[in-house]
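Trainee: Below are the sequence and a predicted model; questions follow.
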Amino acid sequence: MPANPATTDIPCPPWRRLLALVYDLLIVLAIVMVVGLLCQLATGGNLIRTGARTVVPLWYQALQGVVVAAYFISSWRRGGQTLGMRPWRIRVTRDDGGTPTLQQALIRVLVAAAPLVLLLLAPVAGLRATLWTLLAVWAGWFAVALFDPRRRALHDIAAGTEIRVLG
C-alpha cells in the first residue's frame, strides 16, 4: 500500500498521543457500557452475580476484550486513526507511511494490552495496589517513546509501526 501523502515524517510527540488516548478511553468506556447492557439484556439481568464474592463470567470479560480490540484494529486498518486520534491530527503508520497490516494492528493491540494480565493479581495484592502497578507498567510502555528517535512506544516497536503527525 503506498504511503499516505497527508502524513508527515514528523513523529508524534508523547503528550499529543496521550491526549488522543484520553479521548479513546471515553470511546472505550462507551463501548464497554453498550456491550455490558446487551449482555445484561441477553442474560435477563443475571450476568454478574454478587454476594459474598462478585462473579463476572470469563466469557463476558473475553467478549469485552475482543470488542475493544476490534475497535482499535478496525480503526487503524481503516485510515490509521481512532476517533481519539482525529482531533489531534495523528495516525498510526507503517515505516513507509502506509496503513498498518492486519498482523501489525493485531500485534500492536496485544502488546499494548499485555499489562492487563496484571489484573489477575488483584485478589492477592488488592485492587488498589494492582491498579497502581498496572499504571506504572503502562507508563513504562510509553516512556520508551521519550528515548526512541522516532517516538515509538513499546507496542509500536513490537509491531513495526509509529504514530506520525498529519500534514
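Mentor: Arrived safely, thanks for sending. Residues are numbered from 1 along each chain as shown.

Trainee: what packs against the helix or strand encompassing residue 34?
Mentor: Here residue 34 sits within helix 14-42, counting by DSSP states H and E. Helix 14-42 is packed against helix 58-77, strand 90-94, helix 127-147, with contacts defined by 3 or more C-beta pairs under 8 Å, 6 or more residues apart in numbering; DSSP states H and E. From N, CA and C alone the C-beta is placed, and that goes for glycine too.

Trainee: pLDDT below threshold where in the chain?
Mentor: 1-7 (pLDDT under 70).

Trainee: Which strand or helix spans the most far-flung residue of the chain relative to its centre?
Mentor: Using C-alpha atoms, centre = their mean, the residue of the chain lying farthest from its centre is residue 52. It sits 32.6 Å away. Using DSSP H and E, residue 52 sits in no helix or strand.

Trainee: dump the residue contacts of it.
Mentor: By C-beta atoms under 8 Å, 6 or more residues apart in numbering, the contact list for residue 52 is empty.

Trainee: For residue 130, grab the count of nearby residues.
Mentor: Residues within reach of residue 130, counting by other C-beta atoms under 10 Å, total 17.

Trainee: Leaving out chain neighbours, which residue sits closest to it?
Mentor: residue 122 (4.3 Å; C-beta to C-beta, 6 or more residues apart in numbering).

Trainee: Likewise for residue 57?
Mentor: Nearest non-adjacent residue to residue 57 (C-beta to C-beta, 6+ apart): residue 47, at 7.0 Å.

Trainee: Please tell me I have it right and the one you found contacts residue 40.
Mentor: Yes: if you go by C-beta atoms under 8 Å, residue 47 and residue 40 touch, sitting 5.1 Å apart.
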